[in-house]
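Visitor: got a sequence here, can you build the structure:
(one chain, ligands or ions: 2)
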Amino acid sequence: PNPNEVVLDVRDVTRKFGGLVANNQMNLKIVAGEVLALIGPNGAGKSTLFNQISGVDTPTSGLVQFRGHDVTGKGSRHIAGLGMSRSFQHVRLMGRMTVLENVAIGAHMRGKRGVLASVLRLDRQEEARLLAEAARQIERVGLKDQMLEMAGSLSLGQQRILEIARALASDPCLLLLDEPAAGLRLGEKKALADLLRKLRAEGMAILLVEHDMDFVMELVDRIVVMDFGTKIAEGLPEEIQNNQAVLEAYLGV
Ligand code: ADP
Ligand code: MG
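Guide: Ligands and ions are numbered 1, 2, ... in the order given. From the prediction side, this is the model:
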């Protein structure tokens, strides 16, 4: 990716659920090599916006552009195929499979072909290719020594990093992470932040929802703040920290 290339451009995205406006005219851009945090109180509309971006849901109105393509309402498989990868708030690993198998299966399921069709037709060459690619991503995230351990035996911090390895296996240029630091110990958060910095340096665009403000403030390049479905602030971490509207949304002051 070219530095400063706009990877994701969300324009005037609105999502209504009956009378509730979960996303109201949301605008957001992210460029290659940028880490952007989406923050806001519970119910602000963050997950809904993730769903509009990743194609899990379709906006009531507005436009989602990804790498110059209009992907509004295109569906998550199509969008994933263009290079957007998502990790979920709760770990979705197969605990009784190895680290390597988890990543290989992730790569496989995110491939262009349907899961079932490709399972049936998976030949040895294809399998070898998937395992090699999985091993490459596992090394990239620093889990090489755990490659053959059961995913369920890893610490929570390692499992989160494994989820990222799995997300990387489809060779994305945009990662969407939903609360990656939640529940992690300090050392685990540090390891996660180091990994995200490394990916950023490689040109990855990263959009994350995160409640842990210490983690956000010391990692991200820019913050977008939502409340009641609307963007109430946007700026550098130091700007957001002192923003009156943000303090009001969080503290009711
Ligand atoms: P956040 O992730 O910021 O906590 P959400 O995006 O999950 O917020 O929710 C925003 C609002 O939209 C909430 O009021 C929530 O109840 C509502 N909402 C989310 N998804 C749906 C849905 N599928 N149907 C109806 N209401 C929804
Ligand atoms: Mg949410």
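
Visitor: residue closest to the middle of this structure?
Guide: Leu176 (1.5 Å; Cα atoms, centre = their mean).

Visitor: helix or strand: which one has that one?
Guide: Per DSSP states H and E, Leu176 falls inside strand 174-178.

Visitor: so what secondary structure elements neighbour that strand?
Guide: Here strand 174-178 touches helix 46-54, strand 84-87, helix 156-168, strand 205-209, going by 3 or more Cβ pairs under 8 Å, 6 or more residues apart in numbering; DSSP states H and E. In this view, the C-beta of every residue, glycine as well, is placed from N, C-alpha and C.

Visitor: I'd like the next helix or strand past the worst-scoring helix or strand of the chain on mean pLDDT.
Guide: Every helix and strand of the chain was ranked by mean pLDDT, DSSP states H and E. The lowest is helix 115-121, at a mean of 54. Using DSSP H and E, the helix or strand that follows helix 115-121 in sequence is helix 124-141.

Visitor: tell me which residues of stretch 50-67 come out buried.
Guide: Neighbour-count burial for stretch 50-67 flags 50-55, 57, 59, 62, 64-67 (criterion: 16 or more other Cβ atoms under 10 Å).

Visitor: list of residues touching that stretch?
Guide: Applying Cβ atoms under 8 Å, 6 or more residues apart in numbering, the set of residues contacting stretch 50-67 from outside is 6-16, 23, 25-26, 38, 48, 70-80, 82-84, 86, 173-174, 176, 178, 207, 209.

Visitor: switch to 7 Å and redo it
Guide: 7-16, 23, 70-76, 78-79, 82-84, 86, 173, 176, 178, 209 (Cβ atoms under 7 Å, 6 or more residues apart in numbering).

Visitor: okay, and which of the residues you listed map to strands?
Guide: Taking DSSP state E, the ones among the contacts of stretch 50-67 that sit in strands are 7-16, 23, 70, 84, 86, 176, 178, 209.

Visitor: what subset of those residues is buried?
Guide: Looks like the ones in strands among the contacts of stretch 50-67 have 7-10, 13-15, 23, 84, 86, 176, 178, 209 buried, using 16+ other Cβ under 10 Å.

Visitor: which one of the residues you listed is nearest ligand 1?
Guide: The nearest member of those to ligand 1, counting by Cβ to the nearest ligand atom, is Val209 at 6.7 Å.

Visitor: next, work out how far apart that closest one and Ser87 are.
Guide: Taking Cβ to Cβ, to the nearest Å as the measure, Val209 falls 11 Å from Ser87.
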